[in-house]
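Trainee: what follows is a predicted protein model with its sequence.
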Amino acid sequence: MKRLVLIVIIIVQSLSVYGQLSKFLKPSDTLHIQRRNGVLISQATLAAASLIALDQLWYSNYERGSFRTVNDSGDWYGIDKLGHVFSSYQLGRIGYNLLAWSGVREKDRLLYGATIGFVFLTAVEIMDGYSKQWGFSWGDIAANALGTGLFIGQQILWEEQRIGIKFSFMQSPYAQLNPDLLGNNLMEQVFKDYNGQTYWLSFSMQSFLGTGLIPSWFNIALGYGANGMLNGDFHDPYLPAQDPYQQFYLSLDIDLTRIKTNSHILKTLFDIFNFIKIPSPTLELTSNGVFKAHIIYF
């Protein structure tokens, strides 16, 4: 459920981008102090309100104690860690773009905008550390840093995002076998059922190959998922026998932000929804040796 809260925060942040950009539409080439102050105040307010809400609506339901750490690096075949990478990358991307819209210089966009995901998720992780139900995970911190580093590193190296992190979901049959953990309905399952989640690295082929023969929006995506999981460590005598396996994908994708349009409204909408992997023909190979070709996979 905590992952649900974090992803909802990303969506709310994205909608706030659209809400603010739609008033003025075009990003500023020079520093726009009112925009910058509005962005900083709204982000700080949203982050503080989110942490307070987490504390009151989530952590208050579990016993608290002294700060402790846990080692959960092997749980869920790493799908939960990819969720942290995805969350920190997307929050950083949104923070960076908001400051770019405000005309803030590149160095400050990276320092104060792109790091917002890492800062926020670290605060959540510290709250985990004082919960007897969860605990502070260095694996989560490393995943948060990886997501933030992937965004900042590309901006420094290429001044663009040639590799994006995307998300897709398909309902699995496993949620009904452990609905308390994996979700009781579709909305919960999107955020809680790791069996249905796939995370993608989407590569801009034109940027890497440097040829005008390839459309700028055409991407190749590498995906990773896992299936057959009813809980994190796969061992629970009270659950049906588990037979977990990993899934590796090769697929086509579209970078919505590279579709050329003169409409700043469309540019904003493309930017908001670019975290979703486009359904496309896909090849799948599983860790138990099964190969599949999907005409359309999401």
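Mentor: Okay, I see it. Bear in mind that the values here come from a model prediction, so they are computed numbers and not experimental data.
Trainee: buried ones in whichever helix or strand M187 is part of?
Mentor: Following DSSP states H and E, one finds M187 within helix 186-192. If you call a residue buried by 16 or more other CB atoms under 10 Å, then helix 186-192 has these buried ones: 189-192. Any C-beta I mention is one placed from the backbone N, CA and C, and that applies to glycine too.
Trainee: tell me if H235 really is in a strand.
Mentor: No. Counting by DSSP: H, G, I helix; E, B strand; the rest coil, H235 is not found in a strand; it is coil.
Trainee: can you tell me the helix or strand for the nearest residue to Q161 once chain neighbours are set aside?
Mentor: Nearest-residue entry for Q161: Q154, 5.3 Å, with adjacent residues in sequence omitted and distances by CB to CB, 6 or more residues apart in numbering. Taking DSSP H and E as the criterion, the element that holds Q154 is helix 138-158.
Trainee: helices or strands up against that helix?
Mentor: Other elements packing on helix 138-158 under the criterion 3 or more CB pairs under 8 Å, 6 or more residues apart in numbering; DSSP states H and E are helix 79-101, helix 116-129, strand 163-169.
Trainee: what about A293, how many residues nearby?
Mentor: Close neighbours of A293, defined as other CB atoms under 10 Å, add up to 9.
Trainee: give me the pLDDT value at it.
Mentor: The score at A293 is 97. That number is its pLDDT.
Trainee: ditto for S102
Mentor: The model's pLDDT for S102 equals 79.
Trainee: now Q133
Mentor: Model confidence at Q133, expressed as pLDDT, equals 83.
Trainee: do the same with L121
Mentor: The pLDDT attached to L121 in the predicted structure is 91.
Trainee: thought it was touching S88?
Mentor: Yes. Assessed by CB atoms under 8 Å, L121 is found in contact with S88 at 5.6 Å.
Trainee: the two - which one has more neighbours?
Mentor: For L121 versus S88, the count of surrounding residues by other CB under 10 Å is larger for S88: 32 against 23.
Trainee: now for that one: which residues touch it?
Mentor: With contacts defined as CB atoms under 8 Å, 6 or more residues apart in numbering, S88 is in contact with 117-118, 121, 143-148.
Trainee: what is the longest helix seen in the chain packed up against?
Mentor: Selection of the longest helix in the chain by residue count, based on DSSP state H, yields helix 33-57. When contacts are defined as 3+ CB pairs under 8 Å, 6+ apart, helix 33-57 packs onto helix 2-24, helix 79-101, helix 116-129.
Trainee: okay, the angle between it and helix 116-129?
Mentor: 20 degrees (axes from the mean of the first three to the mean of the last three CA atoms, to 10 degrees).
Trainee: got the buried residues for helix 33-57?
Mentor: Residues of helix 33-57 classed as buried: 35-36, 39-40, 43, 47, 50-51, 54 (neighbour count, 16+ other CB under 10 Å).
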